[in-house]
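Peer 1: got a predicted model here, sequence first, then my questions.
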Amino acid sequence: MTIAGNILWLLFGGGIVAWIVWLLLGLLLCCTVVGIPFGIAAFRIAGFAAFPFGRELIDTRLLGESRITGTSLANFLWVILAGLWLAVIHVLLGISCFLAFFLIFPIFFGIAHFRLAGICFAPLGKRPVSIEMAQELRRQVAASANGS
């Protein structure tokens with residue numbers, strides 16, 4: 001079901017457009033030394049934007065990686081320079097999918113656009129993983145927080 005959803009998303013739900021936009025943004029950001037970390041994050045999100053079903057973006061700290069100093073500041077700059085505009089585009093695309101309520105697929109495509117809009121606010125320090133792996137990592141974090 002995940003494969004079918006991803007193929008339909010890519011062809012009919014805006015997946016190709018989202019993938020191309022994120023790739024172009026990544027290329028533009030990689031033109032400067034300062035923008036390279038932002039460009040790498042944009043490339044990571046581009047892969048997620050092309051195939052969002054069955055995957056989830058999680059914080060790299062859940063994977064045991066240390067967070068780079070300044071990630072929060074970099075995410076703040078990202079929101080101001082690019083994230084807000086990308087989020088608005090994804091929200092508008094999501095609303096347009098929901099307005100086409102007479103088809104069943106646009107509802108799922110709208111949800112995917114809203115997920116991408118949320119990602120636009122803090123893409124640095126995130127990695128795409130399967131939903132099952134994300135749930136397991138959250139379970140482990142909750143168990144260690146409870147002392148189990």
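Peer 2: All right, it came through fine. Only a predicted model underlies this, so the values are computations on that prediction, with no experimental measurement involved.

Peer 1: from here on, contacts and neighbour counts on C-alpha atoms
Peer 2: Will do.

Peer 1: now the one helix or strand in the chain whose mean pLDDT sits lowest: buried residues?
Peer 2: Least confident helix or strand, the chain: helix 105-119 with a mean of 81, by mean pLDDT, DSSP states H and E. Under the neighbour-count criterion of 16 or more other C-alpha atoms under 10 Å, helix 105-119 has 105-119 buried.

Peer 1: residues contacting residue 134?
Peer 2: Residue 134 sits next to 56, 58 when contact means C-alpha atoms under 8 Å, 6 or more residues apart in numbering.

Peer 1: nearest residue to residue 131 in space, please, no chain neighbours.
Peer 2: Excluding its sequence neighbours, the residue lying closest to residue 131 (C-alpha to C-alpha, 6 or more residues apart in numbering) is residue 55, at 5.1 Å.

Peer 1: measure the one you found to residue 134 for me?
Peer 2: 8 Å (C-alpha to C-alpha, to the nearest Å).

Peer 1: repeat that for residue 12.
Peer 2: Distance from residue 12 to residue 134, by C-alpha to C-alpha: 27 Å.

Peer 1: cool, and residue 61?
Peer 2: Distance from residue 61 to residue 134, by C-alpha to C-alpha: 12 Å.

Peer 1: residue 121 falls within a strand, correct?
Peer 2: No. Judged by DSSP: H, G, I helix; E, B strand; the rest coil, residue 121 forms no part of a strand; its state is coil.

Peer 1: distance check, it against residue 134.
Peer 2: Relative to residue 134, and taking C-alpha to C-alpha, residue 121 is found at 19 Å.

Peer 1: what of residue 81?
Peer 2: For residue 81 relative to residue 134 (C-alpha to C-alpha), the value is 29 Å.

Peer 1: how about low-confidence regions in the protein?
Peer 2: For the chain, the stretches flagged by pLDDT under 70 are 1, 101-105, 147-148.

Peer 1: show me where it has helices.
Peer 2: Using DSSP state H, the helices of the chain run over 2-12, 15-29, 36-50, 71-78, 84-99, 105-119, 131-146.

Peer 1: the shortest one vs helix 84-99, what angle?
Peer 2: Read that as helix 71-78. Angle, helix 71-78 to helix 84-99, by axes from the mean of the first three to the mean of the last three C-alpha atoms, to 10 degrees: 70 degrees.

Peer 1: which residues sit against helix 71-78?
Peer 2: Residues contacting helix 71-78 (C-alpha under 8 Å, 6+ apart): 38, 121, 122, 123, 124, 125.
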